[in-house]
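**Student:** Show me how the following folds:
(2 chains)
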Amino acid sequence: MNSAINNKLTLLQLKGLSKSFAGKSVLDGVDLKVKAGEVLCILGPNGAGKTTLISAILGLIAADSGEIHLLGQLQQGASRSAALRRQLGVMLQIGSLPATLTVAEHCDLFASYYPAGYSATELVTLAGLEAHAKQRFGRLSGGQKQRLLFALALAGKPRLLFLDEPTLGMDVEARRNLWQQISQLQQQGISIVLTTHYLEEAEQLANRIMVLHQGKFIANGSPGELKALTQYKVIKCCSALTDAALLALPGVLQLSRQQDGITLHSSHAEQTVLALLSLDDTVSQLEVKQVALEQAFLQLTQSPGSEHADSAKQEHAA
Amino acid sequence: MSVITIYQKEAWYDLVSVWRTPGFVIPSLTFPLVFYLFFGVLFSPSGSNSHAAYMLVTYSCFGIMGPAMFNFAMNIASERAQGWLTLKRLSPMPFSAYLLAKMATSLVFALVIILLLFSAAAIFGEVRLYHSQWLSLALLMLLGTVPFALIGLLLGLTLSDKAAPGVVNLLYLPMAFLSGLWVPVTMLPHVMQQLAWLWPSYHLSQLGLKLLAMDQGHAALLHLALLLLTTAGLTLLCLFVFRRVIGAK
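**Tutor:** A predicted model of the protein is given here:
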């Protein structure tokens, strides 16, 4: 899949993008590439520079140095041509659209901006708000508002779509529906840059995840590759062994006890389990798990060094 | 679908959106009318229709200032705060469509206020003017919204959505009083009469009064020049702030 994508057109490329505010570096030489049909997910804790990155790409702020190539054109400063903006779609975290206009009216207005885009009626359908077309924006639920903003982002049938925390405030069902819509867009060949706090979302949607931390990408890979970055697995079980005996098992890095059993972090889970079973035949409720992406992500952003992340980056580049 | 459609829709939906905000519509339309009926018609010191005619000009001026300043300042400040403006900037919409839409809304409100006040003056104040005077006064007041729209734009670009309404009132009401829009400027203390020259609303009202030959007698060209100068200065200031707040676009 990656090789298929590698042959495709590069829609977005950043080279050494840097930006500092009042002497404090927020983006520190960021490189990034998005190919046609790719879904890139940018993960990072608050303050990692995600918003600054998106703002610089879209021309809301000017970067201090570095290059931004959007749809093959090198961008200068903080201005993007109307012709370019017609081919982009953007969904930002927004407090409110004018509250007194209805769903249909907002769609009508946004449709008029994009001569080659969807019609107002099509946008209402895309938002799945046919039943609420005449409802004012101010009376929509949080999830309905997000759906409308998502549809407005698609108004111009964009080649490249930016989604900033798209499922914020949505219930589980609405979130799954939006995921489905995003997957459909990907199948249509639309490239997507997505930021999110929901790691499950990144796992579900992204071809590639990049972890941004203190203005730098510290990891870059497919969801699977990122998981492999974490050197340990989690073993849960009930065992009669003492703490000392458990910690002496091969590969065990860490031990914690819960009411219903123990949790071991192991760098060599198979050997740990083998040794465990040979020492203690009363072991029950044994469970070995890959670390959830969320934990992998926490580990990446918390560990002082990030050699693993760097090695993955090189792997990906190679 | 052409660029003109964008301008039309932008203007239409700005008007619709404002029109559905009773908190804006009711004070904008009723305050000038009620004040005029009270101070221009009912409490006429001389009981003459010349007082009603004089106050028609000053309250028209007062009436058109409000919606221009409030529509720009409050809506731009809140649309900035809520991120709606950012989304529009990222769309291919020409930004001038956004500003012209706000201007069009201010003009529609100005026109309604002028018609309300003119009707009240003719019916209750027994003000009789030549057709050409009615028409030129109306046109003057419509054009006169421009500097106040610019003041509103400046405030909308710089203030937070919470501060904007208060600051506009803090500017609007004293400026109206000091320009002699509530009480004829000739009845104000000498110092305040001289300070009146600072305000665009004073010059606009004097130009209006000149149409009825009721002004203070300074050259019309002087008032016009100062009004244009203020407008030009405000435009430059808006452009400067605009570049800083909104970016190069």
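
**Student:** The helix or strand B:Tyr54 falls within near chain A anywhere?
**Tutor:** B:Tyr54 belongs to helix B:49-82 when assigned by DSSP states H and E. Yes. Looking at helix B:49-82 against chain A by Cβ under 8 Å from any Cβ of the partner chain, the contacts come from B:79, B:81-82. Every residue, glycine included, has its C-beta placed from N, CA and C.

**Student:** Of those residues, which is the nearest to chain A?
**Tutor:** B:Gln82 (3.6 Å; Cβ to the nearest Cβ).

**Student:** Please name the residues that touch the residue lying closest to the closest one once chain neighbours are set aside.
**Tutor:** Spatial nearest neighbour of B:Gln82, chain neighbours left out: A:Gly95 (3.6 Å); criterion: Cβ to Cβ, 6 or more residues apart in numbering or on different chains. By Cβ atoms under 8 Å, 6 or more residues apart in numbering or on different chains, the contact set of A:Gly95 is B:81-84.

**Student:** Write out the residues of the stretch 101-250 of chain A neighbouring chain B.
**Tutor:** A:101, A:105, A:108-115, A:136, A:152, A:155-156.

**Student:** Using pLDDT, spot the least trustworthy of those.
**Tutor:** In this model, the minimum pLDDT among those belongs to A:Pro115 (90).

**Student:** Run a quick neighbour tally on that one.
**Tutor:** The tally of other residues near A:Pro115 (other Cβ atoms under 10 Å in any protein chain shown) stands at 14.

**Student:** Tell me which residue is most central in chain B.
**Tutor:** B:Met65 (2.1 Å; Cα atoms, centre = their mean).

**Student:** So the residue lying closest to it once chain neighbours are set aside: helix, strand or coil?
**Tutor:** Sequence neighbours aside, B:Phe148 is the residue nearest to B:Met65 in space, at 4.7 Å (criterion: Cβ to Cβ, 6+ apart). Put simply, B:Phe148 is helix when judged by DSSP: H, G, I helix; E, B strand; the rest coil.

**Student:** Looking at the residues of helix B:49-82 next to chain A, which is nearest A:Ala240?
**Tutor:** Nearest to A:Ala240 among these: B:Gln82, at 60.2 Å, using Cβ to Cβ.

**Student:** OK, contacts around the closest one?
**Tutor:** Contacts for B:Gln82 (Cβ under 8 Å, 6+ apart) come out as A:94-97, B:161.

**Student:** Would you mind giving those residues as TSV with secondary structure added?
**Tutor:** Converted to TSV, these look like this (three-state DSSP):
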residue	secondary structure
A:Ile94	coil
A:Gly95	coil
A:Ser96	coil
A:Leu97	coil
B:Asp161	coil
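
**Student:** Top of those residues by number of neighbours, please.
**Tutor:** Within these, most neighbours by other Cβ under 10 Å means A:Leu97, with 27 neighbours.

**Student:** For that residue, which non-adjacent residue is spatially closest?
**Tutor:** A:Phe137 is the one closest to A:Leu97 (Cβ to Cβ, 6+ apart), at 4.9 Å.

**Student:** Now do that neighbour: how many residues are near it, please.
**Tutor:** For A:Phe137, using other Cβ under 10 Å, the count is 21.

**Student:** What's the local residue count around A:Ser256?
**Tutor:** 8.

**Student:** So it: helix, strand or coil?
**Tutor:** Here A:Ser256 is recorded as strand under three-state DSSP.

**Student:** Mind listing the residues bridging to it?
**Tutor:** Going by DSSP bridges, A:Ser256 is paired in beta bridges with A:Thr263.

**Student:** I'd say it and A:Leu247 touch.
**Tutor:** No. Counting by Cβ atoms under 8 Å, A:Ser256 stays clear of A:Leu247, with 11.2 Å between them.

**Student:** Helices along chain B, start to end?
**Tutor:** Using DSSP state H, the helices of chain B run over B:3-19, B:22-35, B:49-82, B:84-90, B:95-123, B:131-143, B:145-158, B:164-178, B:190-195, B:200-211, B:220-245.

**Student:** and the ones you listed as CSV, adding mean pLDDT?
**Tutor:** Compiled in CSV, the helices of chain B are given as follows (pLDDT from 0 to 100):
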stretch, mean pLDDT
helix B:3-19, 95
helix B:22-35, 93
helix B:49-82, 93
helix B:84-90, 91
helix B:95-123, 95
helix B:131-143, 96
helix B:145-158, 96
helix B:164-178, 94
helix B:190-195, 89
helix B:200-211, 95
helix B:220-245, 92
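
**Student:** Stretch A:161-171: which residues count as buried?
**Tutor:** A:161-167, A:170 (16 or more other Cβ atoms under 10 Å in any protein chain shown).

**Student:** Please flag which of those residues sit within strands.
**Tutor:** Among the buried residues of stretch A:161-171, the ones falling in strands (DSSP state E) are A:161-164.

**Student:** Can you name the two of those residues that sit furthest apart?
**Tutor:** Greatest spacing in those, by Cβ to Cβ: A:Leu161 and A:Asp164 (10.8 Å).

**Student:** Pull up the overlap in contacts between those two.
**Tutor:** Common contacts of A:Leu161 and A:Asp164 (Cβ under 8 Å, 6+ apart): A:90-91.

**Student:** Who are the packing partners of the helix or strand harbouring A:Cys107?
**Tutor:** Here A:Cys107, judged by DSSP H and E, is contained in helix A:103-113. Secondary-structure packing of helix A:103-113 (3 or more Cβ pairs under 8 Å, 6 or more residues apart in numbering or on different chains; DSSP states H and E): helix A:120-126, helix A:142-153, helix B:3-19.

**Student:** list the buried ones in stretch A:184-197?
**Tutor:** Residues A:185-186, A:190-196 are the ones in stretch A:184-197 that count as buried (16+ other Cβ under 10 Å).

**Student:** what do you get for stretch A:11-29?
**Tutor:** So for stretch A:11-29, counting by 16+ other Cβ under 10 Å, buried means A:11-14, A:17-19, A:26-27.

**Student:** Before I go, just wanted to say thanks for your time.
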